[in-house]
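**Q** build me a model:
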Amino acid sequence: MPLDEQTLARFRHTAFILGPFPVLSQTFIYREFEAMAGFGLDVNLVSTGSRKAHELQLSPALRDMERRAIYLNADSPAVIASMTSKLSSSRVRQTLRWMMRFPHRDNKKRARAAAAVLVAGHLAPELRRRGIRYVHAHFAGFQTEIAMSLSRLLDIPYGCTWHAYGIYKDRNILRDKVAGARVLLTCTRHNVEHLRELCPNEAERIHLDYHGLD
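**A** The predicted structure follows:
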């Protein structure tokens, strides 16, 4: 069933925040991207890893997404210099102060969240150039913290898709992440019930989205 032009126009301005891409363990996510491409959506991917040689066979649609993806390449001296330079921006400093006010679980998580703000400051100009109007993070930890920061820097909404590790193991500022999200998708009924119990005021934003189903 084709999507209407209004829906197509809205999602053509979406970026998905991922970890390394592509990796074999996340093909369940990539099938969703392939389905979106089949609907005519222009899927913009942002990977927090580096583009590396891989043995994973990609479909033509995924290969095109990989070609156009934004890779952080955080081990590059130029990228490190770019992220550090963003502290000269008052908007980035304000976002960093905002992020540091959340009750992070420990100092390691607090440092990771600060890094997410710097990453977002580095990515924001390119996302603005691409006309991105919504960011959606896969995974509840670093990726969602980047999405939160981009939302703040670009004045656009964010949403997320979460899985077991981020919900039960990482657990950093989950209530605050849900409170700020436009929508939260998760893959099991147990996750939905757990998150709705944790965040009862945002229960209507938390939705069950099984993997592998239309």
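**Q** and the helix or strand encompassing Arg175, what's buried?
**A** Per DSSP states H and E, Arg175 falls inside helix 174-180. The neighbour-count check on helix 174-180 (16 or more other CB atoms under 10 Å) flags 174, 176-178, 180 as buried. C-beta: built from backbone N, CA, C; applies to glycine.
**Q** check the closest residue to Leu87 other than its chain neighbours and give its pLDDT.
**A** Counting by CB to CB, 6 or more residues apart in numbering, Arg93 is the residue found nearest to Leu87 once chain neighbours are left out, at 6.3 Å. Confidence at Arg93, expressed as pLDDT, is 94.
**Q** for whatever helix or strand comes next after the helix holding Arg175, the distance to its chain's centre please.
**A** Sequence order places strand 184-186 as the next helix or strand after helix 174-180, per DSSP H and E. Its chain's C-alpha centre and that of strand 184-186 lie 12 Å apart, by CA atoms, centre = their mean, to the nearest Å.
**Q** next: stretch 13-32.
**A** Worked out by CA atoms, centre = their mean, stretch 13-32 lies 10 Å from the chain centre.
**Q** contact partners of it?
**A** 33, 41, 43-50, 52, 54, 56, 58, 62, 66, 69-70, 127, 130-139, 142-144, 146-147, 150, 161, 211-212 (CB atoms under 8 Å, 6 or more residues apart in numbering).
**Q** select only the buried ones of these in PyMOL?
**A** Command for PyMOL that selects the buried part of the contacts of stretch 13-32, burial taken from 16+ other CB under 10 Å:
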select buried, resi 33+41+43+44+45+46+47+48+49+62+66+69+70+127+132+133+134+135+136+137+138+139+142+143+144+146+147+150+161
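**Q** circling back: neighbouring contacts of the helix holding Arg175?
**A** Residues contacting helix 174-180 (CB under 8 Å, 6+ apart): 102-103, 140, 144-145, 148, 151, 158, 160, 167, 184, 195, 198-199, 201-202, 205-206.
**Q** the residue nearest to Leu87: how many residues sit nearby?
**A** 14 (other CB atoms under 10 Å).
**Q** my read: it touches Ala114, true?
**A** No: using CB atoms under 8 Å, Arg93 is not in contact with Ala114; the gap is 11.3 Å.
**Q** centre-most residue in this structure?
**A** Central residue of the chain (CA atoms, centre = their mean): Ala137, 2.0 Å from the mean position.
**Q** returning to that earlier point: in which helix or strand does the residue nearest to Leu87 reside?
**A** Using DSSP H and E, Arg93 falls in helix 90-100.
**Q** just checking, what packs against that helix?
**A** Helices and strands touching helix 90-100, as assessed by 3 or more CB pairs under 8 Å, 6 or more residues apart in numbering; DSSP states H and E, comprise helix 107-129, helix 142-154.
**Q** buried deepest among those helices, which one?
**A** Counting by mean count of other CB atoms under 10 Å, helix 142-154 has the highest mean neighbour count of the helices and strands packed on helix 90-100, with a mean of 25.
**Q** which residues touch it?
**A** Contacts of helix 142-154 (CB under 8 Å, 6+ apart): 17-19, 46, 48, 91-92, 95, 98-99, 112-113, 115-117, 119-121, 123-124, 127-128, 132, 135-137, 156-160, 162, 166, 172, 177, 180.
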